[in-house]
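Asker: whatever this is, show me its structure:
(chains A and B, ligands or ions: 2)
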Amino acid sequence: MSATTLGAGLLAPSRPATFWPTGWVAGLAWIAAAAAIALLPDADDLGRTQALAALAAGVGGLVLLAAFGSSVPALALRLARLREAGPWLIVLAAALTAWELATAKYAVLPRPFFAAPQSLLEVFTDDYARLGESVWHSLLLVLPGYALGAAIGFLFGIAMGWSRLVGYWAHPVVRLIGPLPATAWLPVAFFAFSSSRGASTFLIALASFFPVTVLTWSGVSAVSKAYYDVARTMGASPWFLVRKVAVPAAMPSVFVGLFMGLGASFSVLVVAEMMGVKAGLGWYMQWAQGWAAYANMYAALLVLALMCSGAVTLLFRLRDRLLSWQKGLVRW
Amino acid sequence: MVSGARLEVRGVSHAFALEKRALPVLQAIDFIAEPGDFVALLGPSGCGKSTLLRLVAGLEPPSEGQLLVDGVPITGTDPSRTIMFQDPTLFPWRTVRGNAQLGPEARGSLAANAARIEAALSLVGLDAFAEAYPHQLSGGMAQRASLARALVNEPRILMLDEPLGKLDSLTRLAMQRELVSLWQRERFTALLVTHDVEEALLLADRVLVLSDRPARIRADIRVETPRPRRRDDAGLVALREEILALLGLAQAA
Ligand SMILES: Nc1ncnc2c1ncn2[C@@H]1O[C@H](COP(=O)(O)OP(=O)(O)OP(=O)(O)O)[C@@H](O)[C@H]1O
Ligand SMILES: [Mg+2]
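Answerer: Numbering: from 1, shown residues only, chains lettered A, B, ... in the order given. Ligands and ions are numbered 1, 2, ... in the order given. Now for the predicted structure:
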């Protein structure tokens, strides 16, 4: 969520078909990383060293191809997006090399807390089935809970913003209980629900419910009275005012709530999986840590990061589609 | 074919609460607009013209007095009394066409009014921008979109709050002509708020000159000049001098 549309515009290359020095440097940096991985001896007995070297060499080859393609007018425009990533490609190659040297080659960092890159690769190549299953279980747990909490929060927020009566009674309750982290309900939930799945779904729903409620409510309350005046003079019913004025006007705020709720839901998901649910990425990490399989733990952490980031990206895509009428949207 | 309604404003006074004190805005406003009348309201800024239109629209009840349409007291909003607000207040999440069709959509008569919506858009010259969003419009275009949204509703009383204020003089002339011919075709009762004395005289049958706040009616001037009117018509020029003198006095008082 860092680059504004303006910033992205400034970064975009002005002359597409030109020599791309950053690309050549990045490609060579990846080839150098591959050489270091393949040629220097491992300090310990590690698997997948040559596979990692091949992977790095592959990336380097592709980047060099892209650098070459950038000078070809027919391809230059398609590669414009990649050109923006040029500096990152160099830094990533350097970081991989440093990591590899500090762990696998010279064992500067204490093992096994610091896993070597090829150990992570080994987890992905050997344990992908269990990792994939964990991702599936996590998604099956978090998505229904999140959707349930968000849907109820959305409806409740509209009711609070629209009806004085609902607002009067709900406001103090939301103010008292809303700021409480959903994980604080963990003991109560596991006591109240017979299954850990039910308890987790409840907690995840609770985590998304409050931000969505509060931001929908504040969005509806902030709708300019002038919009209602316009619609009322044209014969709009109260139902029309809610559906076609209050809700669309509050959508930007609702999406902020959905975004915050998503983060809260993921945080509850991981805690619930570590505490009681016997599946999912949180459980996988807990399990890996119990066996001192730190490489597995980092691999799961990386997958979790990709999963959360992917979910947020999807949410922002949806927002960009629905709120295309807003100018100056922040890009994710 | 709908026709204009008769509007009676009887001894209407209105006050707002501003910082716990009553701020009188309208004082004993009294006039009758016959069906199909074109009445212009002229007065200094902040005197209460927009407030009067809000009362006629039924958005607020007056502090004192009565407003009647065809003898029936106004108790709330009604689509037969359409107002074009001073601010365009377009819904930013709707395209120009989406905004223009707001009235028919709210009343569930979208299909029956499709042609009328397109006609209103082309009347204000926005047919090419029907799919544009409000943030893509200029100030004058937004104002024209707002005018289209009001015209779509087949009002019996149409209130226009400085509808052409942000337009360049050429577009303004064209829109004035369009407004007059539309009014001649549909015969609604029109209330036009404007700062432009010439515009009031070109369009209206009657000009109500209001005083400084709290607004009273200083003068009720009939404009008998037949249409189409020319701005250099001797009668109009004389009326213009008279009104400017009245407004000048109003500002000095
Ligand atoms: N909702 C409100 N609360 C308090 N005061 C208000 C409110 N609306 C209008 N006023 C006051 O009423 C007075 C008249 O406002 P109004 O908008 O009717 O003026 P106007 O004649 O339309 O002026 P202009 O020509 O500048 O548009 C102003 O002094 C304004 O401060
Ligand atoms: Mg006004």
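
Asker: which non-adjacent residue is nearest A:Ala272?
Answerer: Closest residue to A:Ala272 apart from its sequence neighbours, by Cβ to Cβ, 6 or more residues apart in numbering or on different chains: A:Ser200 at 3.9 Å. Yep, even glycine has a C-beta here, placed from its N, CA and C like the rest.

Asker: surely the one you found forms part of a helix?
Answerer: Yes - counting by DSSP: H, G, I helix; E, B strand; the rest coil, A:Ser200 is part of a helix.

Asker: A strand includes B:Leu23, no?
Answerer: Yes - counting by three-state DSSP, B:Leu23 is found in a strand.

Asker: mind listing what it touches?
Answerer: B:Ala15, B:Phe16, B:Ala17 (Cβ atoms under 8 Å, 6 or more residues apart in numbering or on different chains).

Asker: of those residues, which belong to helices?
Answerer: Of those, none are assigned to helices by DSSP state H.

Asker: CSV for these, including pLDDT and neighbour count?
Answerer: Formatted as CSV, these follow (pLDDT from 0 to 100; neighbours: other Cβ atoms under 10 Å in any protein chain shown):
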residue, pLDDT, neighbour count
B:Ala15, 93, 17
B:Phe16, 92, 13
B:Ala17, 88, 8
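
Asker: the helices in the stretch 201-332 of chain A, which residues?
Answerer: Counting by DSSP state H, counting those that start in this stretch, one finds helices in the stretch 201-332 of chain A at the ranges A:225-233, A:238-240, A:247-275, A:281-290, A:294-322.

Asker: show me what counts as buried in the last one.
Answerer: Right, helix A:294-322. Within helix A:294-322, the residues that qualify as buried are A:294-300, A:303-304, A:307-308, A:311-312, A:315-316, A:319, counting by 16 or more other Cβ atoms under 10 Å in any protein chain shown.

Asker: which among those residues gets closest to B:Ala132?
Answerer: Nearest to B:Ala132 among the buried residues of helix A:294-322: A:Arg319, at 20.9 Å, using Cβ to Cβ.

Asker: how many neighbours does A:Pro187 have?
Answerer: 11 (other Cβ atoms under 10 Å in any protein chain shown).

Asker: where do the strands sit along the stretch 1-150 of chain B?
Answerer: Along the stretch 1-150 of chain B, counting by DSSP state E, counting those that start in this stretch, strands occupy B:7-18, B:21-33, B:38-42, B:64-69, B:72-73, B:81-84.

Asker: so which of the ones you listed is nearest B:Pro104?
Answerer: Distance to B:Pro104, taken as Cβ to Cβ, is lowest for strand B:81-84 among the strands of the stretch 1-150 of chain B, at 11.9 Å.

Asker: does the closest one reach ligand 2?
Answerer: No - against ligand 2, strand B:81-84 shows no contacts by Cβ under 5 Å from the ion, the least distance being 11.4 Å.

Asker: what residues does that strand touch?
Answerer: Strand B:81-84 is contacted from outside by A:233-234, B:5, B:53-54, B:56-58, B:69, B:74, B:103, B:146-147, B:149-150, B:153, B:155-161, B:163, using Cβ under 8 Å, 6+ apart.

Asker: for stretch A:271-285, same thing?
Answerer: By Cβ under 8 Å, 6+ apart, stretch A:271-285 touches A:130-131, A:133-135, A:137-138, A:141, A:183, A:186, A:190, A:196-197, A:199-200, A:203-204, A:269-270, A:286, A:296-297, A:300-301, A:303-304, A:307.

Asker: in chain B, what residue is nearest ligand 2?
Answerer: For chain B, the residue closest to ligand 2 is B:Ser50, as judged by Cβ to the ion, at 3.1 Å.

Asker: would you confirm that that residue contacts B:Asp161?
Answerer: Yes - judged on Cβ atoms under 8 Å, B:Ser50 makes contact with B:Asp161 at a distance of 5.5 Å.

Asker: okay, and the common contacts of these two?
Answerer: Any residue near both B:Ser50 and B:Asp161 by Cβ under 8 Å, 6+ apart counts here, and that gives B:Phe85, B:Gln86, B:Val193.

Asker: hmm, B:Ser50 and the second one touching each other?
Answerer: Okay, so that is B:Gln86. Yes - with contact defined as Cβ under 8 Å, B:Gln86 counts as touching B:Ser50 (5.6 Å).

Asker: now the common contact residues for these two.
Answerer: B:Asp161, B:Val193.

Asker: ok so, going back, now the contacts of B:Leu23 in CSV, with distance to B:Leu90?
Answerer: Below are the contacts of B:Leu23 laid out as CSV (distance: Cβ to Cβ, whole Å):
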residue, distance to B:Leu90
B:Ala15, 31
B:Phe16, 26
B:Ala17, 29
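
Asker: ok, and of the residues you listed, which contact ligand 1?
Answerer: Taking Cβ under 6 Å from any ligand atom as the test, ligand 1 is in contact with B:Phe16 out of these.

Asker: just the contacts of B:Leu23 now: which is nearest ligand 1?
Answerer: B:Phe16 (3.4 Å; Cβ to the nearest ligand atom).

Asker: which residue is the nearest non-sequential neighbour of the closest one?
Answerer: Closest to B:Phe16 by Cβ to Cβ, 6+ apart is B:Leu23, at 4.7 Å.

Asker: against B:Glu34, how distant is that neighbour?
Answerer: 32 Å (Cβ to Cβ, to the nearest Å).

Asker: again with B:Asp70
Answerer: 11 Å.

Asker: ok, now B:Leu246?
Answerer: For B:Leu246, the distance to B:Glu34 equals 23 Å [Cβ to Cβ].

Asker: ok, the residue nearest to A:Ala272 touching A:Pro144?
Answerer: No - look at A:Ser200 against A:Pro144 with Cβ under 8 Å: they stay out of range, at 10.3 Å.

Asker: so those two - more neighbours on which side?
Answerer: A:Ser200 (27 against 14).

Asker: need the contact list for the closest residue to ligand 1 within the stretch 201-332 of chain A.
Answerer: Across the stretch 201-332 of chain A, the shortest distance to ligand 1 (Cβ to the nearest ligand atom) belongs to A:Lys225, at 9.1 Å. Applying Cβ under 8 Å, 6+ apart, we find A:Lys225 in contact with no residue.

Asker: repeat that with 10 Å
Answerer: B:Leu59 (Cβ atoms under 10 Å, 6 or more residues apart in numbering or on different chains).

Asker: report the rounded mean pLDDT for stretch B:115-133.
Answerer: For stretch B:115-133, mean pLDDT rounds to 92.

Asker: now do stretch B:144-162
Answerer: 93.

Asker: and that stretch, how far apart are its ends?
Answerer: 11 Å (Cα to Cα, to the nearest Å).

Asker: that one and chain A, are they touching?
Answerer: Yes - applying Cβ under 10 Å from any Cβ of the partner chain, one finds stretch B:144-162 in contact with chain A at B:Ser146, B:Arg149, B:Ala150, B:Val152, B:Asn153, B:Pro155, B:Met159.

Asker: if you skip the residues just before and after it, what's nearest to the fourth one?
Answerer: Right, B:Val152. Closest to B:Val152 by Cβ to Cβ, 6+ apart is B:Ala120, at 4.8 Å.
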